[in-house]
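Colleague: Provided below are the primary sequence and the corresponding predicted coordinates.
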Amino acid sequence: MTLSILIPAYNERHFIRETVERVLRADLPGDMERELIIVDDGSVDGTRDILAQLQEEHSNVRVHLQERNQGKGSAIRKAIELAEGDLCIIQDADLEYDPKDIGQLLQPILNGDADVVYGSRFAASRYRRVLFFWHTLGNRVLTLVSNAFTNLNLTDMETGYKVVKTSILKSIPIRSNRFGMEPELTAKLAKRGCRIYEVPISYRGRSYQEGKKITWKDGVKALVTIVYFWLVDDIYEERYGHDILYSLSRTHRFNRWMADTIRPYVGERVLEIGGGLGNLTLKLVPREHYTVSDRDSLHLEYLQSRFRDYPWMEVRSLDLESVDDFAPVRSSFDTIVCLNVLEHVPDHEQALRNMFDALQPGGTAIILVPHVQFLFGSLDRVLDHQLRYSKKLLREHCEVTGFEITRIFGFNRIGFLPWLVSGRILRRKRFGKLQLKIFDSFVWFWRALEVILPLPGLSIIAIARKPK
């Protein structure tokens with residue numbers, strides 16, 4: 001395992017060498033290796049000359065030079081891009097934070113308890129320098145406001161010591177160029193559902209005479225940042241797939257409706273294919289045994305974090321088209337739940353054959369796919385749908401692989417018109433937050449209308465049985 005230590009630096013010629021030397025000497029757990037990625041943010045005081053020497057002296061030190069000063073957030077964004085380790089820690093270059101604390105900051109993640117660790121200056125620690133009252137009060141106010149909007153109970157949101165799994169950090173876009181990156185990153189980690197821990201750290205804060213750069217103006221900007229990223233769900237680096245999936249995960253009433261619809265067909269030994277963020281999973285458990293699968297590494301990591309304390313739960317990497325992936329689970333389940341997955345797969349018959357093989361004789365596959373090819377539009381393309389099904393086509397695909405269809409029916413008739421307008425007429429590429437909130441708030445009404453609306457379902461559900 002490798003730790004990437006991200007060091008933003010701006011005019012730190014008096015501290016940068018000592019910072020790097022202490023970081024290189026810091027004890028790391030086990031045989032963990034380290035790489036130092038130092039991003040100089042346009043220094044003009046000789047810091048760059050020292051960095052050139054350090055890069056020559058140490059093979060695990062890499063330096064990137066920004067053309068001009070852009071701010072801490074910009075420097076960290078570049079350092080994340082260059083990071084190659086399994087974990088990342090942000091280390092300020094001014095020695096306010098003691099590298100001796102790095103080992104204890106890593107421990108909650110290495111123990112499997114956390115995805116993110118914050119080093120708290122305000123939790124009980126061995127010692128801390130006594131400094132400015134108003135600066136401390138400002139930090140506490142910002143932490144309080146951030147907690148109110150993120151529903152966390154951090155003691156120190158603005159801390160410079162943050163450890164994050166690299167896979168998570170690389171997938172989160174950081175838009176703030178200056179110190180606003182602290183509340184921005186906190187808001188996004190909270191929305192992503194990361195397990196966040198705090199560890200007490202030592203703190204030797206600098207005075208402004210000693211070179212401290214953050215001011216009250218940055219505090220005001222931080223308040224604006226907290227509110228902005230509470231309103232805006234900009235939590236995935238790519239602009240498709242994960243972002244839309246997160247938006248859909250917030251429709252809790254709709255997910256409950258879907259779970260209630262399929263629950264009568266769900267047995268006790270279940271394989272869920274394409275678990276995503278686990279929103280449906282939570283509504284179908286507990287079971288005697290439940291395997292939730294996905295092929296996306298980010299989703300798998302999230303699912304492992306979310307369900308690690310469930311003794312009857314297994315998280316498994318499964319590609320629906322891979323015979324090799326399904327070989328170890330052949331004839332293992334009495335139920336397979338496959339919702340909004342089959343339409344992503346080019347080889348539909350192989351996917352269905354894999355599900356067939358994973359079922360015990362007499363087992364049931366519950367398959368939900370998008371309905372009506374006429375609706376295929378911009379939203380389908382963004383979601384990487386191969387096609388939209390008809391009842392006849394889905395039945396044919398299932399029966400050719402050996403399944404018997406016991407029931408096939410439409411689902412979510414009210415969704416037909418919004419999808420038609422958004423995907424075919426307006427050609428939108430994402431769901432509006434307000435649109436989804438309104439839709440989800442009236443699910444109780446849509447459920448009542450489901451039996452009388454003269455519209456085809458936006459989706460169809462097939463109950464397919466493996467013969468005994």
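Modeller: On my side now, so go ahead. Numbering: from 1, shown residues only.

Colleague: those strands in the stretch 251-400 of the chain, which residues are they?
Modeller: With DSSP state E, counting those that start in this stretch as the criterion, the stretch 251-400 of the chain has strands at 269-273, 289-294, 313-317, 333-339, 359-370.

Colleague: Just put those strands in JSON lines and tack on distance to residue 437 and mean pLDDT.
Modeller: (Each C-beta comes from the backbone N, C-alpha and C, glycine too.) Compiled in JSON lines, the strands of the stretch 251-400 of the chain are given as follows (distance: least, Cβ to Cβ, whole Å; pLDDT from 0 to 100):
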{"stretch": "strand 269-273", "distance to residue 437": "26", "mean pLDDT": "97"}
{"stretch": "strand 289-294", "distance to residue 437": "26", "mean pLDDT": "96"}
{"stretch": "strand 313-317", "distance to residue 437": "30", "mean pLDDT": "95"}
{"stretch": "strand 333-339", "distance to residue 437": "22", "mean pLDDT": "96"}
{"stretch": "strand 359-370", "distance to residue 437": "22", "mean pLDDT": "96"}
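
Colleague: So which of those strands is nearest residue 55?
Modeller: Of all the strands of the stretch 251-400 of the chain, it is strand 313-317 that lies closest to residue 55, at 38.2 Å by Cβ to Cβ.

Colleague: Mind listing the strands that closest one pairs with, and their directions?
Modeller: Its sheet considered, strand 313-317 pairs with strand 289-294 (parallel) by DSSP bridges.

Colleague: Check this structure for its longest helix and report it.
Modeller: The residue-count maximum for a helix in the chain (DSSP state H) belongs to helix 133-150.

Colleague: on that earlier part again, take the strands of the stretch 251-400 of the chain and write them to CSV, including mean neighbour count and distance to residue 235.
Modeller: Shown next, in CSV, are the strands of the stretch 251-400 of the chain (neighbours: other Cβ atoms under 10 Å; distance: least, Cβ to Cβ, whole Å):
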stretch, mean neighbour count, distance to residue 235
strand 269-273, 24, 23
strand 289-294, 24, 18
strand 313-317, 18, 21
strand 333-339, 23, 23
strand 359-370, 21, 25
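
Colleague: Ok, which of those strands comes nearest residue 136?
Modeller: Residue 136 lies closest, by Cβ to Cβ, to one member of the strands of the stretch 251-400 of the chain: strand 313-317, at 41.9 Å.

Colleague: got the contact list for that closest one?
Modeller: Under the contact criterion Cβ atoms under 8 Å, 6 or more residues apart in numbering, strand 313-317 has outside partners 275, 285, 289-295, 300, 303-304, 307, 325, 329.

Colleague: same check, this time on stretch 263-276
Modeller: Identification of contacts with stretch 263-276 by Cβ under 8 Å, 6+ apart yields 245, 249, 280-281, 284, 287-294, 299, 303, 315, 318, 320, 329, 332-341, 344, 355, 358, 360, 363-364, 366, 463.

Colleague: again, only using 6 Å
Modeller: With contact meaning Cβ atoms under 6 Å, 6 or more residues apart in numbering, stretch 263-276 is reached by 245, 281, 284, 287-294, 299, 303, 320, 333-338, 341, 364, 366, 463.

Colleague: what residue lies at the spatial centre of the protein?
Modeller: Centroid-nearest residue in the chain, with Cα atoms, centre = their mean: residue 192, separated by 4.5 Å.

Colleague: Report pLDDT for that residue.
Modeller: At residue 192, the pLDDT value in this model is 86.

Colleague: Could you check how far it is from residue 52?
Modeller: 37 Å (Cβ to Cβ, to the nearest Å).

Colleague: now do residue 393
Modeller: Per Cβ to Cβ, residue 393 is found 64 Å from residue 52.

Colleague: Could you identify the most distant pair in the contacts of strand 313-317?
Modeller: 285 and 325 (22.4 Å).

Colleague: Secondary structure class of the nearest residue to residue 55 once chain neighbours are set aside, three-state.
Modeller: Of all residues not flanking residue 55 in the chain, residue 63 sits nearest, at 4.8 Å (Cβ to Cβ, 6 or more residues apart in numbering). Judged by DSSP: H, G, I helix; E, B strand; the rest coil, the three-state class of residue 63 is strand.

Colleague: I figured residue 63 hits residue 51, correct?
Modeller: Yes. Under the criterion of Cβ atoms under 6 Å, residue 63 makes contact with residue 51 at 4.7 Å.

Colleague: Brilliant, that's me finished.
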